[in-house]
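Asker: here is my input, please return the structure:
(3 chains)
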Amino acid sequence: MNLLAPRNTWYPLTWSRNVTRALSRHRILGADLVVYRSEAGEPVALDDMCPHRFAPLSMGKLKGDAIECGYHGMTFGRDGRCVRIPGQPTIPPNARVPSYPLQERMGLVWIWPGDPALADPSLIYDLPQFGQAGWHAAEGDALWIDTNYLNLADNLCDPAHVSFVHLSTLGNAASEEIPVEHTFGERGVLVWRWIRDAPAIPLFAKYGNFSGNVDRWHYYDYVAPCIAVIDFGSADAGAIARPEDRGAGLRIFACHFITPVDEHVCIDHWLHVRNFALDDSETDQRLHADFRIAFNEDKEILERIEEVAQARPNAKSIRLAIDAAPQRMRRIVERMVASEGGKRASA
Amino acid sequence: MNLLAPRNTWYPLTWSRNVTRALSRHRILGADLVVYRSEAGEPVALDDMCPHRFAPLSMGKLKGDAIECGYHGMTFGRDGRCVRIPGQPTIPPNARVPSYPLQERMGLVWIWPGDPALADPSLIYDLPQFGQAGWHAAEGDALWIDTNYLNLADNLCDPAHVSFVHLSTLGNAASEEIPVEHTFGERGVLVWRWIRDAPAIPLFAKYGNFSGNVDRWHYYDYVAPCIAVIDFGSADAGAIARPEDRGAGLRIFACHFITPVDEHVCIDHWLHVRNFALDDSETDQRLHADFRIAFNEDKEILERIEEVAQARPNAKSIRLAIDAAPQRMRRIVERMVASEGGKRASA
Amino acid sequence: MNLLAPRNTWYPLTWSRNVTRALSRHRILGADLVVYRSEAGEPVALDDMCPHRFAPLSMGKLKGDAIECGYHGMTFGRDGRCVRIPGQPTIPPNARVPSYPLQERMGLVWIWPGDPALADPSLIYDLPQFGQAGWHAAEGDALWIDTNYLNLADNLCDPAHVSFVHLSTLGNAASEEIPVEHTFGERGVLVWRWIRDAPAIPLFAKYGNFSGNVDRWHYYDYVAPCIAVIDFGSADAGAIARPEDRGAGLRIFACHFITPVDEHVCIDHWLHVRNFALDDSETDQRLHADFRIAFNEDKEILERIEEVAQARPNAKSIRLAIDAAPQRMRRIVERMVASEGGKRASA
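Answerer: Below is the predicted model of the structure:
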C-alpha cells in the first residue's frame, strides 16, 4: 500500500460512543481491527484475523474480555494471546494476534499503530478549551471521504477555498482576493487570514445580530499527521484590537480528527467547541446542519479530484501562492515517516 | 490506453441540443472535457481538469465565456488560458488548459482532437440529402455501448448480420445466403447487397403497401474512423432497373456517428433521413421504435462479445467471406493512425 | 488462472433438471459452456463462443441438435463441428468448437473437462444408498459461494467447525473438545468423530423423539477433487455397539457435489439421503430449511475468509491438529494435478 503515514503517533480510530461490549470492525492504515470494550470499560483493539483460517474475529463471540473465533473456537485474550484451542491441549507460542494501545480523549478512541513502548498518552492532542467553563462542545459525525487522508489535510491547511466552495455557510466573496499567511514548526502548520470590515458569513449572520460589517478570522491549526482545528469567528468591525483577543467575539473551534482508512479512503471525525449559546442543543443542531452542508461540499470536490488524479497519474499540477502551507504540511509528514525509517515520498 | 484512433480527424462529440449555457461533461478518446456554449452561441470544449488541484472544471461556474474553478476560483477563458487567480496578482504562463476546435453539422457538435492548425471544417462529413427538399431528417438517440468503437464499426460494415439479429425489424431469412459485395478507398468502405423478389422486411412492410414481393437493398457506407451511413430501402420487385435509381423506392439513410469514449466504450449517435412520410412526426416515432429494438440487439451482442474477448485475450477468430469489408475498415484506420506516427496495431 | 484442479476427472456441472431444450450457460474451471438436451434427451455441452466473432452461442438458437449462432448464423452440431456458414459454400476445417463428455448420475449432469478418450462413466461417484429401498433422497440447492472450491473442501474435511458454526442446526457445545480422527487413500480422506452420551443436536432433536442423551457421529467422506459426503446421525446413548451398525440409528448422508466455477467461485450442489420419514416431502422441506441455515453459515464464513486472504496474500496461518485431514486433502489434489503434468501448488 502506498500510504504515507507515520506509525509512532496517535490516530483517531472512532468515537468512544461506538466502542461497546459488541464486537465492531474498524479499518485504519489498511489494517482491519476488531474493537470492543472490556468488562472494566477499557477499549481493546486486536487484529481482526484469526491466525488459524483467517476468519475475521469480529464474526466471533466476546466471552468475558476474550474473543472466541466463530469458526473453530480459538480464543484470544485482550493482549492478543491465544488462551484456548478446542480439542487440542497445547497452544503454540506463535498463536497470537497483534493488539494495539488505545486511549480515550475528547470523545474519541485513539490508537497507536507503532511501537507500543513509545505510546505515551500525554502525546495525544487536547484542545485547551474542550471541557472548560465558558465553552460548549458538540460531537458531530464520522464523514467518510474517498480520498487519501493527506488530500483532506491539504484542504484543512487551505482557508482560501472557503470563498468558493462554502458560499452558503462558511464563506463569502469578500475574502476572494485576501492572501493567506502561515507559520510552521516541527509538527504543524498554522495558516490564517483576517477579513476586515466585510459582511458576516452566512453561518455567523444567523447568530451574531451584527448591526453592520464585521471583522472575521480563520486560523487553521494543523498538527501532523491527522489533526486540524479551525478557529474561526467574527466581531463587529473594529471591535477586536489584537488577534489574541478574538475570544471577545463569536468563536468556534471546528475540530477535524482524521482516520486514514487506507490509501484511498479517510474518515473525518468532526466536532465543534464554541463560546456562545452554551448548552443549547438546538444551536448544536443548527450549526451541525451548516457543517454538514459545508463538509459535504469538501467531500464532493475531494472525491472528484481523487478520481481525476487516479485517472491521470502523470498529470503535473501548477502551484499557487495559497499552496505554501499544504506543501509545508506534506514535508512535515514525509519527515515523520522518514525518521521512522520509512520511505520518503516524492513531492 | 490501447485505443486505435487517429487524432487529426473530426469526431462526433454530442448532439448540438445538449450544448447549452450549463457546463456539461463529455468523454472522448479517454479524455474528459467540459463543454458549454459561449454567450455568442458557439460551442466550447476545454480539458475538464483545473491544473491547480485537478478539480473538474465542470464543477465550477460559467462567468461570461470563462469558467471559474469551483475549488479556488482560478478562471479560464474559452481558449483555455487562465485569466484570474484569486489572491495572486501574477498568472504563470503555463496556467492554461487544452481547448479543442469544435464545429456543428447535421445536429451534432464535432470535435478535432489533433493539431488545431489542421482542423478544416470542410472535412466534416455531410450527407447530401440532409436538409434537402424531398427528404426528412429525424434525430435519434445517443446509444452507449460497452465496446471498443471499432467493434461497432465492424458491425456497420456488415450487412450479413441483419438476417440473423434483426428479424423483427430490419431483416428476414430471405437474405441468409446472399453474399455481400464491397469496394473501398483511402478513407472508406462501401458494402452492399440486393435481395430481389423477396418478402419485404418487417419495417418496410408497415409503410410500403407492397402488393407482393419486393427488391430491397442495403448499402453500408463507412467513412473512417467513426461514420457509417446505411442506405436501405425497398421497391416492388422489378420496379427499379438500375441501382442508381433507388431513390424511386422507399429509401432511408440510417446515420451512425460514433463517439469513441475510451478503449471499452463508445456512443452511437444515430439519426435517419427518409424520402417518405415527410414531416410526419408519428412516422418518426414509429421508425425510431423499430430502430431502438434493432440497435439494442446490436448493443447486446457487441457487449457480450466484448466480455468474451476480454476474458479470452488470446482466442483466435475464424475469418469468413463476410469479413472482407470489416477487415478492410480496420486496415484503413490503422493506416490513418500510422500516418500520424502512431502505433499500427496488429491484426 | 491460478486454479489447482485436475482435468481428467468427472465434475458436477449442474442439476439434470436444469438441462432442457433451452440453451443455458454454465461456467466451470473458468470456461463458459452452452448446455442443452438433444432431441433424443442426451445432455450436450459446447464451448460458449462462436469462433467467428466470439458471440456466445447461448445467445443463438437450437435447431434440431445443432446451435445456430445469433450473429451470423454459423451452425455447430453437438460434436462441435460447423455444419453451415450462411452465404459461403465451403466450411474451413478449423471451424469447430470444443465439446465435452457428459453423463448423468444422482440427479446431476457430470462433465469430463480432460482427455475425452479417458472419460470412463464408471468413474463417476455413486452413493450406494441412493435409490435403494429403505432410503429416501431429496435434491437441495445450488449454493454459490465466492471462494475457491478447495476452501469449501477444507470445510468439508473438518467436522470440528460444526461445534462453533452450526449451533442452531448441526452442532452443539458437547463436541467442542472431542478430537477428530482421519484416514486417507489415493483419492480421498475420511474424517470422523463420535460424540457419546450427549444431548442431541437441534436438527435430530426434532425427529428422534430421543428420551435422553444420544450417541452421535459425523463421518466426512471426501473424494478428490470435488465430492464430500457427510454421514451423520444419532441413536439412544449406548444403543449402537459398533460403528458399522450406525444404520440402526437416524442417519443422513448430506452430499456436497462441488463445481469449481473459477479461481474465486464455486457452487455447492447439495442433496441428502436418509433412512427415516421416507417419501415424506414435509420432512424434506423441514430438513432443507435447516440445511439452508447451516450451509449459509459456512458460505458467510468462507466468503469473509476469501476476502481476508485476498487482502493479505502473504499472511501465514497457524496449523492445528484439526487441520491434518484438510492438509491431506490438498496433497491429494496437488498429486492429481501433478500426475497430469500440471503445476504443483505450494502449500
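
Asker: what about the residue in the stretch 201-347 of chain A that chain C sits nearest to, distance to A:Asn148?
Answerer: Using Cβ to the nearest Cβ, the closest approach of the stretch 201-347 of chain A to chain C is made by A:Asp262 at 10.0 Å. Bear in mind the C-beta positions are built from the backbone N, C-alpha and C, glycine included. According to Cβ to Cβ, to the nearest Å, A:Asp262 and A:Asn148 sit 9 Å apart.

Asker: again with A:Arg292
Answerer: For A:Arg292, the distance to A:Asn148 - Cβ to Cβ - is 22 Å.

Asker: go on, A:Leu46?
Answerer: Distance of A:Leu46 to A:Asn148, computed by Cβ to Cβ: 26 Å.

Asker: what of A:Thr169?
Answerer: Using Cβ to Cβ, A:Thr169 is found at 25 Å from A:Asn148.

Asker: one more: A:Phe130?
Answerer: 28 Å.

Asker: give me every residue that touches A:Gly188.
Answerer: Residues near A:Gly188 by Cβ atoms under 8 Å, 6 or more residues apart in numbering or on different chains: A:221-224, A:332.

Asker: quickly list what it is bridged to.
Answerer: A:Val223 (DSSP bridges).

Asker: per-domain residue ranges of chain A.
Answerer: For chain A, automatic domain parsing gives the domain ranges A:11-121, A:130-339.

Asker: scan chain A for its longest strand.
Answerer: strand A:250-262 (DSSP state E).

Asker: who does it pair up with?
Answerer: On the basis of DSSP bridges, the sheet neighbours of strand A:250-262 come out as strand A:227-236 (antiparallel), strand A:265-274 (antiparallel).

Asker: who's in contact with the helix or strand where A:His26 lies?
Answerer: Element membership of A:His26 [criterion: DSSP states H and E] is strand A:24-28. Strand A:24-28 is contacted from outside by A:11, A:13-14, A:18, A:32-36, A:45, A:48, A:56, A:58, A:111, A:113, A:259-262, using Cβ under 8 Å, 6+ apart.

Asker: if I look at A:Asn148, how far off is B:Cys50?
Answerer: Distance, A:Asn148 to B:Cys50, using Cβ to Cβ: 18 Å.

Asker: chain B contacts on the stretch 201-347 of chain A?
Answerer: Counting by Cβ under 8 Å from any Cβ of the partner chain, the residues of the stretch 201-347 of chain A lying close to chain B are A:300-301, A:304-305, A:308-309, A:311-312, A:315-323.

Asker: point out where the stretch 201-347 of chain A drops to low pLDDT.
Answerer: Along the stretch 201-347 of chain A, segments meeting pLDDT under 70 span A:342-347.

Asker: show me where it has its helices.
Answerer: Using DSSP state H, counting those that start in this stretch, the helices of the stretch 201-347 of chain A run over residues A:202-208, A:281-311, A:324-339.

Asker: buried set for the shortest one?
Answerer: Applying a neighbour-count criterion of 16 or more other Cβ atoms under 10 Å in any protein chain shown, the buried positions in helix A:202-208 are A:202-204, A:207-208.

Asker: and the second one, by the same measure?
Answerer: Judged by neighbour count using 16+ other Cβ under 10 Å, the buried positions of helix A:281-311 are A:283-284, A:287-288, A:290-291, A:294-295, A:297-299, A:301-306, A:308-309.

Asker: restrict the residues you listed to those near chain C?
Answerer: Contacts with chain C are made by none of those, judged by Cβ under 8 Å from any Cβ.

Asker: is it correct that A:His182 is in contact with A:Arg193?
Answerer: No: here A:His182 lies out of contact with A:Arg193, judged by Cβ atoms under 8 Å, at a distance of 9.6 Å.

Asker: residue contacts, the residue lying closest to A:His166 once chain neighbours are set aside?
Answerer: Excluding its sequence neighbours, the residue lying closest to A:His166 (Cβ to Cβ, 6 or more residues apart in numbering or on different chains) is A:Ala294, at 4.6 Å. Applying Cβ under 8 Å, 6+ apart to A:Ala294 gives the contacts A:165-166, A:169-170.

Asker: list the ones among those residues that fall in helices.
Answerer: Judged by DSSP state H, these include A:Val165 as members of helices.

Asker: and the residue lying closest to A:Glu186 once chain neighbours are set aside, how many neighbours?
Answerer: Closest residue to A:Glu186 apart from its sequence neighbours, by Cβ to Cβ, 6+ apart: A:Ile332 at 7.4 Å. By other Cβ atoms under 10 Å in any protein chain shown, the residues close to A:Ile332 number 22.
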